[in-house]
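Undergrad: below are the sequence and a predicted model; questions follow.
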Protein chains: 2
Amino acid sequence: MNIGQASKASGVSAKMIRYYEQIKLIAPADRTEGNYRSFSDDEINQLQFIRRARSLGFSVEEIAHLLSLWSDRVRPNWEVKAIADGHVRALEAKVAEIRAMADTLRELSRGCADDERPDCPILADLASGVQPRREPAVSRGFQA
Amino acid sequence: MNIGQASKASGVSAKMIRYYEQIKLIAPADRTEGNYRSFSDDEINQLQFIRRARSLGFSVEEIAHLLSLWSDRVRPNWEVKAIADGHVRALEAKVAEIRAMADTLRELSRGCADDERPDCPILADLASGVQPRREPAVSRGFQA
DNA sequence: CCCACGGTTCCAATCACGGGAAGGTTCAGG
DNA sequence: CCTGAACCTTCCCGTGATTGGAACCGTGGG
């Protein structure tokens, strides 16, 4: 299978397959005579693993760890579970963070009439320099 | 006020103040004889506005729009409200997306015993290449 | 044998931000 | 007056995952 077929079969773009190879998330693929990458079924499976893990929000670093556990026949459950649970907690924190923003903003919007007047309190609030209501956000740039 | 004092007063790092100037989110600050930036109270206020808006998850582009509305004395409420509500919807979508991930992963983790055995179903699921349950995620790289 | 469609590499941009180098300015104390 | 610390200046690089594009080479069907 060349990279195009591997991409279709795995759902990972050819670009990303090359990138994953470059950052050593996956082993360098075999090459044909004409220097084309050639993928085995096992490698397609790995790519699907990666795709699925990415869709669950795991970072590439976490996926590297998961892949190594996957290929380790005596891996202990608790180690896999620890990564998963840690990630669940990170996701929950992210949800809480974003929901706090949404709640605040909904509240502000509620006080802003949908008309032509120029007295919308949203801008007034932004200008007031009010501190965020809770702890300083753990991370800010969630918008990809 | 030089950039250090402006930073302390506004809560925006000196680095970011320079960056905001560079990308023209704010006007170039006046300079002293020694080429130091000098900030007025108005400019400190603008920086606080930016900081607050960032903490609510607005992108720099959205903030540029909000700032222009802020300085527009005849701004119509509905325009401000539209930006805010659009952002609330984006935040809600993000929450739904991340919560779907967390739910899936929690479910997987529930089936994985916290012990030394190597049969954790999380890896099996990742390897299975199951499609995400809902629509293809609108955005993927939410982790800053 | 040609041409379109693959593949290959490399380089750039995204977004908001931080780190650090190399050098100039300011100001207080000795 | 001189020194040094603390500030400022610009410039470049890295982050993480991904996409886009250019320039070039290989492959295979008509």
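TA: Looks like it came in fine. Numbers count the residues shown, from 1 in each chain, chains lettered A, B, ... in the order given.

Undergrad: domain assignment for chain A?
TA: Following automatic domain parsing, one finds the domains of chain A at A:3-70, A:82-128.

Undergrad: and of those domains, who's closest to DNA strand C?
TA: domain A:3-70 (2.0 Å; CB to the nearest atom of the strand). Bear in mind the C-beta positions are built from the backbone N, C-alpha and C, glycine included.

Undergrad: the closest one close to chain B?
TA: Yes. Counting by CB under 8 Å from any CB of the partner chain, contacts between domain A:3-70 and chain B involve A:10-11, A:45, A:48-49, A:51-57, A:59, A:66, A:69-70.

Undergrad: that domain: end-to-end distance?
TA: One end of domain A:3-70 to the other measures 23 Å (CA to CA, to the nearest Å).

Undergrad: show me how far that domain is from its chain's centre.
TA: 16 Å (CA atoms, centre = their mean, to the nearest Å).

Undergrad: filter the residues of domain A:3-70 next to chain B to the buried ones?
TA: A:10-11, A:45, A:48-49, A:51-57, A:66, A:69-70 (16 or more other CB atoms under 10 Å in any protein chain shown).

Undergrad: could I get the full set of helices for chain A?
TA: Using DSSP state H, the helices found in chain A span residues A:3-10, A:14-22, A:41-55, A:60-70, A:77-110, A:121-128.

Undergrad: tabulate those helices (a markdown table), appending mean pLDDT.
TA: Formatted as a markdown table, these follow (pLDDT from 0 to 100):
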| stretch | mean pLDDT |
| --- | --- |
| helix A:3-10 | 95 |
| helix A:14-22 | 96 |
| helix A:41-55 | 96 |
| helix A:60-70 | 96 |
| helix A:77-110 | 95 |
| helix A:121-128 | 90 |
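
Undergrad: tell me the one of the buried ones among the residues of domain A:3-70 next to chain B nearest DNA strand D?
TA: A:Arg54 (4.6 Å).

Undergrad: surely that closest one meets A:Ile63?
TA: Yes. Between A:Arg54 and A:Ile63 there is a contact under CB atoms under 8 Å: 7.0 Å.

Undergrad: so which of the helices of chain A comes closest to B:Ala82?
TA: Across the helices of chain A, B:Ala82 has its closest neighbour in helix A:77-110 (9.7 Å, CB to CB).

Undergrad: does chain B sit close to that closest one?
TA: Yes. Using CB under 8 Å from any CB, a contact is recorded between helix A:77-110 and chain B, made by A:77-78, A:80-81, A:84-85, A:87-88, A:90-92, A:94-95, A:98-99, A:101-102, A:104-106, A:108-109.

Undergrad: same for that helix, what does it pack against?
TA: helix A:60-70, helix A:121-128, helix B:77-110, helix B:121-128 (3 or more CB pairs under 8 Å, 6 or more residues apart in numbering or on different chains; DSSP states H and E).

Undergrad: residue of chain A nearest DNA strand D, please.
TA: For chain A, CB to the nearest atom of the strand, closest residue to DNA strand D: A:Gly34, 2.1 Å.

Undergrad: residues contacting the nearest residue to A:Asp119 once chain neighbours are set aside?
TA: Excluding the flanking residues, the one nearest A:Asp119 by CB to CB, 6 or more residues apart in numbering or on different chains is B:Asn77, at 7.0 Å. By CB atoms under 8 Å, 6 or more residues apart in numbering or on different chains, B:Asn77 lies in contact with A:112-120.

Undergrad: turn those into CSV, columns for neighbour count.
TA: Below are these laid out as CSV (neighbours: other CB atoms under 10 Å in any protein chain shown):
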residue, neighbour count
A:Cys112, 21
A:Ala113, 13
A:Asp114, 14
A:Asp115, 12
A:Glu116, 11
A:Arg117, 12
A:Pro118, 15
A:Asp119, 12
A:Cys120, 25
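
Undergrad: returning to what we had before: separation between the residue nearest to A:Asp119 and DNA strand C?
TA: Going from B:Asn77 to DNA strand C by CB to the nearest atom of the strand, to the nearest Å gives 24 Å.

Undergrad: now, of the residues of helix A:77-110 next to chain B, which are buried?
TA: A:77-78, A:80-81, A:84-85, A:87-88, A:90-91, A:94-95, A:98-99, A:101-102, A:104-105, A:108-109.

Undergrad: give me the spatial nearest neighbour of A:Val74, chain neighbours excluded.
TA: Closest to A:Val74 by CB to CB, 6+ apart is B:Pro118, at 5.7 Å.
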